[in-house]
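J.: sequence first, then the predicted structure, then my questions.
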Amino acid sequence: MKKALLFLTTLLFSAVWAFGQQRTITGKVVDQNGNPIPYATVQIQGTNQGTTTDQQGNFSLEVPAGATLRVSYVGYTPRLVAVGDQSQLTIQLAGSATQLNELVVTALGIQREKRALGYSVQDVTSEQLTVNHPTNPLNELSGKVSGLQIISASGTPGSAVRVQLRGATSILGDNQPLFVVDGIPVDNSENRTANDAGGTAGVGEANRLLDLNPDDIESITVLKGPAASALYGSQASNGAIIITTKRGGPLGRKTFHVTYNLAFNDDQVNKLPDRQNKFAQGIFGTYLGPDNPSGLKAYSFGPLMDTMVYDGDHTYLWDSHGRLVPKSQNPNGQKAIVYDPYKFFQHGVGLVHNLAFSGSDRDISYRVSLSHSDQSGVIPLSKFKKSSISINTDYRFTPQFSISSAINYVYDFANRPQQGSNLNGVMLGLLRTPPSFDNSAGVTDPTDPRAYMLQDGSGRQRSYRGTGGYDNPYWTVNMNPFTDKTNRIFGNVSANYMPFKWLTVTERFGGDYYIENQHQIYSKGSSGANAAGAVFEDQVTSQIINHDFFATAHKQFGKDWDLSLMLGNNIFQNTYKRIHVQGTGLNFNQFQGINNTQSQTLSLGSSEVRRYAFYSRFSGAYKDYVYLDLTGRLETSSTLPINNNTYFYPSANLSFIFTQALKMNSSVLSFGKIRASFAQVGKDLDPYSLQTYWVRASAGDGWTNGIVFPFGSLTGFQKSTVLGNSKLKAEKTSEYELGTELHFFGDRIYVDYTFYHYRSTNLLNQVSIANSTGYGAVYLNAADMENYGHEVTLNLIPLKFKDFTWNLTVNWATNQNKVLKLGPGIDRLDFNGFAGIFVSALVGKPYGVIYGTGYVHQIPGDVKSPLVIYDQGTPGDGQYGLPIISNDLEYLGNTNPKWTGSLGNTFTWKGISLYVLFEARQKYQMWNGTWGAMTNFGVSKNTENRYTQYVFPGVTGHYDNNGNLVIDGKTNNISVKLDENYYTGVGSGFAVNEPFVQDASWVRLREISIGYTFQGNKLFKQAHPPFESITVSLVGRNLWLHTKYTGVDPETSLFGSQVAQGFDYFNNPGVKTYGFNLNFRF
C-alpha cells in the first residue's frame, strides 16, 4: 500500500497532461439589478478549475472547447452557462431564499450546493463572527445555529468554551464535535492544571481553538449529525465544525487590497450574587474582628452595622479607622462603614488590530494577515494577549495542476485568576468577606501591597480572618499568579491535479503543533495546603499530523444524470505529552522560580493515537431535483484491540426537490425540498483503555485541594483502580434524520425543519467488580443511550423597500436525551463534583443530571412533593420545625435545557445597518453552590431576614425508635426562628444541596451593533478614491440579561469545557461588553 501511495503521490507532482485546446474568455457577473457581484465563483462545470470575480464583478478564465461555466455566490442561486463560441459574457444571478446557506462547505472541505444535501447544515459568515471580536471565536457562534450550544466557562479573557451539538452520545467520551480548519482536524483541548482538585479548583484554562484569528475566517459550517460528518469517522461522531479561512484575490486578474480592522471593547461584570449589608462579622450577634483568635470570625452573624462605631485607633493593622466597637463604648466614634467588596472589579479593556494584504495575478493568489489583541479582565491583573500571522497562497502551474497552502503561527499569553473550591480563589475570598471588612484597605491601586499585607514589616497576609484562612482577593491576584504561554503553528499544503476533464486528484497534508507552558505560584503565607509556598510548572506538547489523498471522477450522462465517485485515504496521528514539575516550600517570596523551592519532584505523561482509513462517496443527481449520496469509511484505530481494530462507518442521504419534480409554479410555495439520511458512526477509545497503567496517587473530596502526590518530599504512584480490558469494542451510534426546506412568496420566507433520532450502543463505562480482584472497576462496553430532537430555522423578510430591508432569523431546537443502561448492576455513574453533589448519569434520566443531598419529601425521591417537617421536641430544640435531611442522595435537577432559541434582526437603510440578536436557554437547572456557601457564612441576601419567625410549608413527620420514617400527613404549622442554627445547619449549602439547585433559564440580548459604511467612490466622487470603504460600528454583547438565577451569569461552568456542566461554586463572573469597530479597505 505504501508503494502504491508513493507512486500516486509522485505521479501527482510530476505528470503533465495535455488538456485540449484552451482559450481565454472574459466576463462580468451581476445581480438582478445589474450591480456587479464581487468575489463570485466562476468554475468550469465538472472540474475544480475556475476563478473568482474582482471587486467590479469582472473575471477572466482559460476554458477548453465546449465548456460550461457554473457561476455561484452566497445569497444567489447558482447558474450554468454554456460558453459556446462567445469570448465575452455577462452573467446575471438571481437572489436565493436561503441567503447565506446556498453554498456550504461539507466534509473534507468540499463545497457543495445546499439543495443537493440530504442532511442538516448551517453556515455562519465572517461578518457574523467579528461583531464583537471576542478572545475566543467560538463565542460568536452562540445563538446563530439551531441545535448548537455554546457554554462559556466565565467572562475571564481566554477562558474555555464548551460546544455541544444536539445531545451526548458517549458516557465517558468528550461529546464535543470535531473541529476542522481548511480540511485539517485541529486540537481544541483544554489542558487543565495538574493541581485543580479534579476540576473544582485551580484556574479556568483555555480551549485551544481560541488561537484562531476571527478576522481570518471566511465561514464556519456546522455539520450537525453523523450523516453529515461520517466521512471523518470516529473523530466526528458528534458532528463537525468546518472552518474555512480567507484566501487571496481571483486567479487570472491582477488585484491588490489592504484591509485594516480596529476593535475596542470595554468589559463590565454583568451579574453578581446579592449580598446582605446589615450585619457585621461575628456570631450570635457578637462582633468578632480579624484579630480575634476564634475560628467563628469566618461568619457574618454579628451585630447590626448601624450599632457599631470605630474606636479611632489608627494603628490597627486591619483597618485604618480602628477597631469596631459598640456605640456604647465610644458614643462619638465614627459610624461603621458598610464596605462593598464588589469594588474589587474593574473595567476590562480590549484592543484588537488586524492588518491583511491580499492580491492576485494570472496564476497566483495570496493573503497575508497580521493580528494582535490585548484584553484585560474585570478581575485585576487578569489578562490575555494574542499575536498571530497567517499566510494563504494559491498557485496555478498549469490549467490542470495547482497548489494551495495555508500556514498560521500564534503566540498567546494569559494571566488567569484562581477560582472554584479553592482557599486561594478570588471569588471564594471575596464573596465570604463580611460587609464590615475592607479587602482593599482603602487603596485604589490593586497592586498596592497595603491592600493585602499587614503593614508591620512581617509580610503577612491581611485577611478578614486575620492572616489567612481564605486569601484576600488582592493577595491572590498579586501573590498567587497563574500564567501560561503558548506557541502554535498549524496549516496545510494541498495539490490538485486534473489529468482528464472528468477526473480530479487531490492530496492534502497538514499539521497542528503547539507547546503550552503553565506556571503557577503560591506565595508563602497563602491559605490552605500551600501555606509554605509552592511552584508548579507544566509543559504540554501536542502534535497532529493529517494526510488525505482522494480522487473524484465526475461525469454527466445526457441532460438528466450527473454522477460522481470519490475514493480516498486518510492517515491521522496525534501525540500528546505533559511534563509536570512541582516545587514545595518557597525560601522567600521575592523570587518565584522552581529553584527557589526546598524540594522538587517531576512526573511525565504521554499518549499517541493513530488512525488509518479508506473512504468513498458516490453522488448521483437526476434532473436537478433528486440527489443521492452514499458514503463509507473503513477505519483502523490504534486505541482498539489489535484483532478488532477496524470498523466500517456508512451513511446515505437523499434530497428530493418536489416543487421542481412536480413542476409546481405556485406564487406561495416557490421551492420545496424533503430530505432523509441514515448513518452509523463510531467512537474509538481513549489511549491505553485496553491496559492497566500506573497513575499519580491522589485523594480529595472536591471541597479542598486534596492531596496529590508528589506530596512534600514523598513521591507516590499507584496502579489504576480501573482494570484495562483487551476485548473492548468501538462505541456505535446509529442515526436517522428527516427534514424539509420550504421557500414561500418569492423567497421572502425560508423554513428549515429537522427531526433526528440517535441510538448509541456499546458505550464504554466503568463497571464495578469484586474488590478481591485488586481493582474497583473494569472498562466494559456496557452502556446505551438515545437522543431525539427537533430543529427549526426560519429566515424571512418582513419589510423590503427601495432603500430599506428588514431580515429576521429564528433558530429553535429541543433535544431529549435518555440513558438506557449503564452496565450490570449500575444505576448511576458520577462525574465531576463534590462530596454530596455530583453531575451524574442515571438510568432512565438524561445524561448530565444533578444528584446530591436533599430533604425528605412526602413522596420519596420527588423534590416537587411536600417537605417533611420534623415534629418531635419543643421550640428551639434541634431540628424541631425544620425540614428533615435525607440520608440518601437524590435526583435534584437536569443540566440540559428543554429548548434553546434565538431571534436575530438585521435592518439596513442605505449605508446604515442595525443588527440585534436575542438568545434564550430555557428550563434547566444549575447547582448554585456559591449561594449555599454564602448562606452558611451569613453574607447572602436571603440571610438578611435572620431572627424572624417562619413556618416551612410541608407535612409533619419524624423517625421512630427503629429509624423508620413516620409521616402523619398533617400540614405543618410549627413556627421557627431563622437564626445561625438554621443557616449553618439544615439551611446551609454545606449540609444540603436541594435548595441551591436553581432554575438557570435565561433570556439575553446577546449582540447588538449599528454601523455605517462610507463608500470611497461616492465620498470622493472619483474613479480611484484613496480607499474603497470605511465602516464604523458601535457594538454590544450581553447588555441585558433576564434570569431568576441568584448567582453570577448562569452561562458559566466550573469545569470549563469538560463533560460535567451545571456547577457554579465561586465561579468567576460573566461580562457585558460595549465597543466600537473600525474597518478600512484600500
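T.: Ah, there it is.
J.: residue contacts, Ser369?
T.: Asn213, Asp215, Asp216, Lys246, Asn354, Leu355, Ala356, Phe357, Ser388, Ile389, Ser390, Ile391 (C-beta atoms under 8 Å, 6 or more residues apart in numbering). Heads up, the C-betas are built off the backbone N, CA and C, glycines and all.
J.: work out for me the element it sits within.
T.: With secondary structure defined by DSSP states H and E, Ser369 is part of strand 364-376.
J.: go on, Ile407?
T.: For Ile407, the element it lies in under DSSP H and E is strand 401-416.
J.: so in that sheet, which strands flank that strand, and in what orientation?
T.: Each strand that pairs with strand 401-416, with its direction, by DSSP bridges: strand 383-398 (antiparallel), strand 482-500 (antiparallel).
J.: give me the buried positions along the first one.
T.: The neighbour-count criterion (16 or more other C-beta atoms under 10 Å) identifies 383-394, 396 as the buried residues of strand 383-398.
J.: where does this protein dip in pLDDT?
T.: In the prediction, the chain carries residues with pLDDT under 70 at positions 1-21, 32-34, 46-48, 55, 74-77, 95-102, 194-201, 694-718, 1023.
J.: what segments of it are helices?
T.: 2-14, 126-129, 226-229, 426-431, 473-479, 658-661, 929-937, 980-983, 1016-1020 (DSSP state H).
J.: in TSV, list those along with mean neighbour count and distance to Tyr39.
T.: Putting the helices of the chain into TSV (neighbours: other C-beta atoms under 10 Å; distance: least, C-beta to C-beta, whole Å) gives the following:
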stretch	mean neighbour count	distance to Tyr39
helix 2-14	11	29
helix 126-129	18	12
helix 226-229	30	26
helix 426-431	26	47
helix 473-479	26	47
helix 658-661	16	28
helix 929-937	25	50
helix 980-983	20	64
helix 1016-1020	13	18
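J.: select, out of those helices, the one closest to Ala783.
T.: With distances scored as C-beta to C-beta, the stretch of the helices of the chain nearest to Ala783 is helix 226-229 (18.1 Å).
J.: same for the closest one, what does it pack against?
T.: Contact here means 3 or more C-beta pairs under 8 Å, 6 or more residues apart in numbering; DSSP states H and E; on that basis helix 226-229 packs against strand 646-656, strand 669-683, strand 731-744.
J.: rerun that using 6 Å as the cut-off
T.: In terms of contacts (3 or more C-beta pairs under 6 Å, 6 or more residues apart in numbering; DSSP states H and E), helix 226-229 is packed against strand 669-683.
J.: hmm, who's touching the strand it packs on?
T.: If you take C-beta atoms under 6 Å, 6 or more residues apart in numbering as the criterion, strand 669-683 is touched by 118-119, 170, 173, 226-227, 230, 234, 237, 647, 649-659, 730-744, 746.
J.: hmm, which of these are the buried ones?
T.: Burial by neighbour count, judged by 16+ other C-beta under 10 Å, picks out 118-119, 170, 173, 226-227, 230, 234, 237, 647, 649, 651-657, 659, 730-733, 735-737, 739, 741-744 from the contacts of strand 669-683.
J.: ends of stretch 78-89, how far apart?
T.: For stretch 78-89, the first and last residues are 16 Å from each other (C-alpha to C-alpha, to the nearest Å).
J.: show me the contacts for the residue nearest to Leu867 when sequence neighbours are not counted.
T.: Distance criterion C-beta to C-beta, 6 or more residues apart in numbering; nearest residue to Leu867, sequence neighbours excluded, is Gly954 at 3.4 Å. The neighbours of Gly954, taking C-beta under 6 Å, 6+ apart as the test, are Pro866, Leu867, Ile869, Asn972.
J.: of those residues, closest to Val609?
T.: Minimum separation from Val609 among the contacts of Gly954 (C-beta to C-beta) is found for Leu867, which lies at 50.9 Å.
J.: that closest one: what's it in contact with?
T.: For Leu867, the residues meeting the contact criterion (C-beta under 6 Å, 6+ apart) are Tyr855, Pro883, Gly954.
J.: those in strands, which ones?
T.: Residues from those lying in strands, with DSSP state E as the criterion: Tyr855, Gly954.
J.: format the contacts of Leu867 as CSV; extra columns: distance to Thr467.
T.: Converted to CSV, the contacts of Leu867 look like this (distance: C-beta to C-beta, whole Å):
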residue, distance to Thr467
Tyr855, 38
Pro883, 38
Gly954, 44
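J.: specify which member of the contacts of Leu867 is nearest to Gly295.
T.: Using C-beta to C-beta, the shortest approach to Gly295 within the contacts of Leu867 belongs to Pro883, at 27.1 Å.
J.: surely the closest one touches Tyr855?
T.: Yes: Pro883 sits in contact with Tyr855 when judged by C-beta atoms under 6 Å, with a separation of 4.5 Å.
J.: quick check, nearest of the buried residues of strand 383-398 to Val992?
T.: Here the nearest of these to Val992, counting by C-beta to C-beta, is Phe384; it sits at 38.1 Å.
J.: bridged to the closest one, which residues?
T.: Beta-bridge pairing of Phe384, defined through DSSP bridges, involves Gln375, Ala414.
J.: i'd like the first residue to be 9 from this point on
T.: Got it, the first residue is 9 from now on, which makes the last one we talked about Phe392.
J.: nearest to Leu571, of the helices of the chain?
T.: The stretch from these with the least distance to Leu571 (C-beta to C-beta) is helix 666-669; that distance is 18.6 Å.
J.: could you say what helices and strands the closest one packs with?
T.: Packed next to helix 666-669, using 3+ C-beta pairs under 6 Å, 6+ apart, are strand 677-691.
J.: what are the pairing partners of the strand it packs on, and which direction each?
T.: If you go by DSSP bridges, strand 677-691 pairs up with strand 654-664 (antiparallel), strand 739-752 (antiparallel).
J.: returning to what we had before: would TSV of the helices of the chain with distance to Gln526 be doable?
T.: Listed next are those as TSV, based on distance: least, C-beta to C-beta, whole Å:
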stretch	distance to Gln526
helix 10-22	39
helix 134-137	28
helix 234-237	32
helix 434-439	18
helix 481-487	17
helix 666-669	57
helix 937-945	26
helix 988-991	39
helix 1024-1028	47
